[in-house]
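>>> Return atomic coordinates for the entry below.
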Amino acid sequence: SLRNKYLTLSFACSIFIINIGIIKGGFIDFNYIPQIESNTIESKVVLVNKSSIQNSQKIVETMINSAYAVEHENESKLIEGVFSIINDKNEGINTIKIIVSLVPASKRTIKGTDFANMWREKTPEIPALESIYFKGRAGFSGASKPIQIDISYPDKKILANISHIIVDKLNSFAGITDTN
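Numbering: from 1, shown residues only. The predicted structure follows:
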């Protein structure tokens, strides 16, 4: 290799270029930060105005019924348990959080992300809704949201208009869901 240093160097470079081509060409799937399926599906509902406990409980009941409708549609046991929190002091006064624990992946017929998407579809329109999201994946990155945009402006009306424009623009892209 010392006698043919240019041949050795060109051979190493060609192997490197071939490997890059294989990865970029999609022959080998590569994820720098892989996403893993979760057995816990989370939904967070944020209401526009402070809602009564009775109204919040009705929303929780509706959301839980929607989750069980997904299980019923799949004709197999998917849900192991459900946990809900109304007006969690860490999340805010107008929030409802529902956590659905699924049976282990080996005992169910669908992925956690598929369950979250089906749950989103089965959930009827909620009155006085500001935002809602469903999460069925866990990642290693530590980031809680794939896309996060923080904006600030002194005038709240202008800020609200700008945020609506951004949300509308993001919703125009295929594959983007749960914007708020």
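
>>> tell me the mean pLDDT over the helix or strand containing residue 157?
Take DSSP states H and E as the rule and residue 157 turns out to sit in helix 156-171. With pLDDT averaged residue by residue, helix 156-171 scores 84.

>>> can I get the CA coordinates of it in CSV?
The C-alpha coordinates for helix 156-171 follow below in CSV (Å, rounded to 0.1, in the frame of the first residue of the first chain):
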residue,chain,number,x,y,z
LYS,A,156,-51.8,40.6,20.5
LYS,A,157,-54.3,41.1,17.6
ILE,A,158,-51.6,41.3,15.0
LEU,A,159,-49.8,38.4,16.7
ALA,A,160,-53.0,36.3,16.4
ASN,A,161,-53.4,37.2,12.7
ILE,A,162,-49.8,36.3,12.0
SER,A,163,-50.0,33.0,13.8
HIS,A,164,-53.2,32.1,11.9
ILE,A,165,-51.4,32.9,8.6
ILE,A,166,-48.5,30.6,9.6
VAL,A,167,-50.8,27.8,10.7
ASP,A,168,-52.8,28.1,7.4
LYS,A,169,-49.6,28.0,5.4
LEU,A,170,-48.3,25.0,7.3
ASN,A,171,-51.6,23.1,6.9
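
>>> Where does the prediction get shaky in the protein?
Under the criterion pLDDT under 70, the flagged ranges of the chain are 1, 30-36, 88-89, 91-92, 137-147, 175, 177-180.

>>> helix/strand/coil for the residue sitting nearest the centre point of it?
Centroid-nearest residue in the chain, with Cα atoms, centre = their mean: residue 135, separated by 3.7 Å. Local secondary structure at residue 135 is given as strand here, using DSSP: H, G, I helix; E, B strand; the rest coil.
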